[in-house]
Every structure is written in C-alpha cells, then in structure tokens.
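*Asks:* missing the sequence, but the structure's below:
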C-alpha cells in the first residue's frame, strides 16, 4: 500500500487538552507552553476557547492568552468560537482561524451547548458568515461522530446531514470527532466511505481520543483512506467535560513518531515536542498517557 508523503497535524492541547483540567493553569504558564509548541515545527495550534467562563472555567483567560503569546511566522493560531460574542473576543485576540463546534448526537449537543442541533446550526451559520467577512478561515468540529455517551450509536445519515450544512456555510475543514474514544478501524472505514463520496479528503480531519487505546489504529485506517489531517494533543492531554468517561486525545508525539517511522513527513521535531510534553505534565501535576513521553522520561 502506498501512503502519502506528508500529513498535517492540528495541535489542540492548549484548548481541548486543558479545558477539562480541574487544576488552574496560570495564564503565564499557558502562554509559555504555547510558545514552546510554536518552536516545534507545528504549523497549527488551537490556543484556547472563547466560550463563557461559566461553561469552561479552565479557559477563562482566553483573551489574555491570545494577546500574550509570541507568534511564529507560518503557524496558524486558532481558537474555538461558539457565538457572536466569542467571535468578537477572538478577533480582538488576533486569531487566524475560528473553530466552530457542534455534536452529531442531539443529546450530547444539548448537554454541551444547551441547544438543539437545529438551533446550533443557525448560530454557526451566522458566526461563519461574520468570521469570513473578517477574513478568517473557519474550521468546524463535529463531535460524537463515532459514538455518543448518551445515545450510543449515531446514525451516519445524521453525520452526513450536519456535514452538508456546515460545508454549505463555507467552512474550509471539518474535523470528525471520536469524543468518547469508542471508534474502531472498521467503523472509521464505514464512516469515511460514506463521507468521501460527498466531500474531498483534503477537507476532512480526524480527531480521535485514546480512551480504549485504539486512536493510532484508527488514524492508520483513515490515512489508508486518503485522510492527511489529524488532530493531536501534546502529552495526550484532554477529555470532554460533557462526555463521561472520555479520556485524553491522541498524543501528538505518538502520532508524529508513528508517521516518521513510516517515512511520512510531519515537519514536527520530536526533540522539541517531547520536552514541551514533559513541561506541561509537570505543570498540571498528573501523569499523562503519551507513550513517547514515558520513553523520553525514562531516557533522561
């Protein structure tokens, strides 16, 4: 089998990784970590989330973080934007790309956003229109594509319907989320077979959580089907506040290691990424699940 020569990684650790942490990470530490990540060769970093502090208190310093980082040429700095107010703050923070989000599951969407999927689509259309008028590209996250903690199976027809709407709004990329880490390679193949009949692989990304240890297997399956954009979180940090049992994201350094060993270019330097993973692990004060981080620490 022939593989692509290059893939693109979207680093979501500063947002998706930190949003569920009970320990407050100081603003200056968030900025320091993002600055470290900016030096690793990553071309895309999702900084924070401009949601109301009541919903995600761990990221209540979003504007200060966005204004405080040292930007590196060639790196896209994105942020999660839920609504008009969030977009206004994100624009003030100087982000390069707005990320909008919703769930494929009705129940998870209500618990996560406090709106039906139909009402959420109306909000996201307006946010997308306004972001594009401000010359921002817009990326969308569709969560619970591969399973919901409340509804369990999510019909593929529902995923397609929502994806159709989001692309009609003018998003440039859709990230398909395995929010509870329930996906398996056969399921990934089935979902992608359906979506790739309607959308080009270049506009689809995969966002796997490693709750059950299947993230890399699922990434490999997606790669074999032509997907070349993957989300990762340094250290494997993360979890969804509104998805019980959801553990961390696929660790960026584990993804990088696998691809590099396969001869696939990522442009990310493990020698710089691993110290950044160790640094954030020490700052939040808990063991992170990244395999390559554990190897790195044992070699010191």
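*Replies:* Structure received. Only a predicted model underlies this, so the values are computations on that prediction, with no experimental measurement involved.

*Asks:* which helices and strands does the helix or strand of the chain with the lowest mean pLDDT pack with?
*Replies:* In the chain, the helix or strand scored least confidently by mean pLDDT, DSSP states H and E is helix 106-113, which has a mean of 91. Applying 3 or more Cβ pairs under 8 Å, 6 or more residues apart in numbering; DSSP states H and E, one finds that helix 106-113 makes contact with strand 97-103, helix 117-133. For the C-beta atoms, the positions are set from N, CA and C on the backbone; glycine is no exception.

*Asks:* Which of the ones you listed sits closest to residue 184?
*Replies:* Between residue 184 and the helices and strands packed on helix 106-113, the shortest gap by Cβ to Cβ is with strand 97-103, which sits at 20.0 Å.

*Asks:* now the angle between helix 106-113 and the closest one, please.
*Replies:* Interaxial angle of strand 97-103 relative to helix 106-113 (axes from the mean of the first three to the mean of the last three Cα atoms, to 10 degrees): 130 degrees.

*Asks:* same question for strand 97-103, mean pLDDT?
*Replies:* Mean per-residue pLDDT for strand 97-103: 97.

*Asks:* How far away from the center of its chain is that strand?
*Replies:* From the chain centre to the centre of strand 97-103 is a distance of 10 Å (Cα atoms, centre = their mean, to the nearest Å).

*Asks:* which other helices and strands contact it?
*Replies:* Checking 3+ Cβ pairs under 8 Å, 6+ apart, strand 97-103 ends up next to strand 76-80, helix 106-113, helix 117-133, strand 137-143.

*Asks:* residues of the second one that come out buried?
*Replies:* Neighbour-count burial for helix 106-113, with 16 or more other Cβ atoms under 10 Å as criterion, is recorded at 106, 108, 109, 110, 111, 112, 113.

*Asks:* now the longest one
*Replies:* Neighbour-count burial for helix 117-133, counted by 16+ other Cβ under 10 Å, picks out 117, 120, 121, 123, 124, 125, 127, 128, 130, 131, 132.

*Asks:* can you list contacts of that helix?
*Replies:* 81-84, 86-87, 98, 100, 102-103, 106, 109, 113, 115, 137-138, 140, 162, 165-166, 169-171 (Cβ atoms under 8 Å, 6 or more residues apart in numbering).

*Asks:* Filter the residues you listed down to the buried ones and hand me the PyMOL line.
*Replies:* PyMOL command restricting the contacts of helix 117-133 to the buried ones, with burial defined by 16+ other Cβ under 10 Å:
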select buried, resi 81+82+83+86+87+98+100+102+103+106+109+113+137+138+140+162+165+166+169+171
